[in-house]
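Student: Next come a sequence and a model predicted from it.
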Amino acid sequence: MRLEYFQMIDRIVDFDAATGRIHAKAFVPETSPVFEGHFPGYPILPGVLLIETMAQASGFLILGLNGLSRMPFFAGCKKAKFRKFIEPGAELDVYATMTHDGSGFAVTEAKIEHGGPVCDAELTLRVMDFPAPELVENMRERVRQIGLTPVGDTA
Amino acid sequence: MSSTFDVVADVIAQTSEIPREKITPESHAIDDLGIDSLDFLDIVFALDKKFGIKIPLEQWTQEVNAGKASVEEYFLLKNLCAHIDDLVAKKNA
């Protein structure tokens, strides 16, 4: 995780296009300015960043399924529950499953585990044409970095 | 038609917290009920699941934006229900 750059996902462990599932790893840094404020003397990863982590896993799932043809944008979160504090240095398992592939949007169920359940939620993402060519290239580079092979990518 | 409308109205009431009695076949989802685009995504999600279809929301939006269809064509509830009936019929054909 590079918290200050909002890069939450470090590595894809498994991407199964047939079942619409993804399993990713996210390594919480030992130090970050985020922990200086959240909280002094008791650093834990903010819940909003756990949601962002689930949203990014969902986003990579969608990018994997659509072959980087369109860009997912986080649009909604329901039924979010936080069950455990996450401290610096934790290694997180992030899972997302596509539950609905709608017209211009997708819905996923996502969860994070770390020696047991950490959090879970239902997420909605708008799926749109890439608004900028730089973003396509950035996403192509990101999926390569984290080891995701999108459907139809023969490179 | 009436059963489709009942399902649609129930979904809108549950998703948008609009009183069920305010929702009629003549209601305009945007102008009368004030449903915004994000709430409409939730409604379409629920309707897709209820009817086992994929409402072509992007296509409808593009048609409206391009002036090829009126907003009422898809967002007046009686028309929306008719389109849902068509989609269900095509699915079952």
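Tutor: That came through fine.
Student: Spell out the secondary structure type for A:Tyr42.
Tutor: coil (DSSP: H, G, I helix; E, B strand; the rest coil).
Student: can you list the residues of chain B near chain A?
Tutor: Residues of chain B that fall close to chain A, judged by CB under 8 Å from any CB of the partner chain: B:38, B:41-42, B:44-45, B:48-49, B:54-59, B:61. Just so you know, the C-beta spots here come from the backbone N, C-alpha and C atoms, and that holds for glycine as well.
Student: now with 10 Å?
Tutor: Residues of chain B found near chain A (CB under 10 Å from any CB of the partner chain) are B:37-42, B:44-49, B:54-62.
Student: Please type out the ChimeraX selection for whichever of these turn out to be buried.
Tutor: The ChimeraX selection below is limited to those of these classed as buried (16 or more other CB atoms under 10 Å in any protein chain shown):
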select /B:39,40,41,42,44,45,46,47,48,55,56,57,60,61
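Student: Could I get the full set of helices for chain A?
Tutor: Applying DSSP state H to chain A gives helices spanning A:33-37, A:47-66, A:133-146.
Student: Adding mean pLDDT, write those out as CSV.
Tutor: Shown next, in CSV, are these (pLDDT from 0 to 100):
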stretch, mean pLDDT
helix A:33-37, 94
helix A:47-66, 98
helix A:133-146, 95
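Student: Could you say which of the ones you listed is packed most deeply?
Tutor: helix A:47-66 (a mean of 23; mean count of other CB atoms under 10 Å in any protein chain shown).
Student: Return the alpha-carbon coordinates of that one using CSV.
Tutor: What follows is helix A:47-66 as a C-alpha-only set of coordinates in CSV (Å, rounded to 0.1, in the frame of the first residue of the first chain):
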residue,chain,number,x,y,z
GLY,A,47,-12.1,2.5,7.9
VAL,A,48,-12.4,4.7,4.8
LEU,A,49,-9.1,3.4,3.5
LEU,A,50,-10.3,-0.2,4.1
ILE,A,51,-13.4,0.7,2.0
GLU,A,52,-11.1,2.2,-0.7
THR,A,53,-9.0,-1.0,-0.6
MET,A,54,-12.1,-3.1,-1.3
ALA,A,55,-13.2,-0.6,-4.0
GLN,A,56,-9.8,-0.9,-5.7
ALA,A,57,-9.9,-4.7,-5.6
SER,A,58,-13.4,-4.5,-7.2
GLY,A,59,-12.1,-2.0,-9.8
PHE,A,60,-9.3,-4.4,-10.8
LEU,A,61,-11.7,-7.2,-10.9
ILE,A,62,-13.9,-5.2,-13.4
LEU,A,63,-10.8,-4.1,-15.4
GLY,A,64,-9.7,-7.7,-15.6
LEU,A,65,-13.1,-8.8,-16.8
ASN,A,66,-13.6,-6.1,-19.4
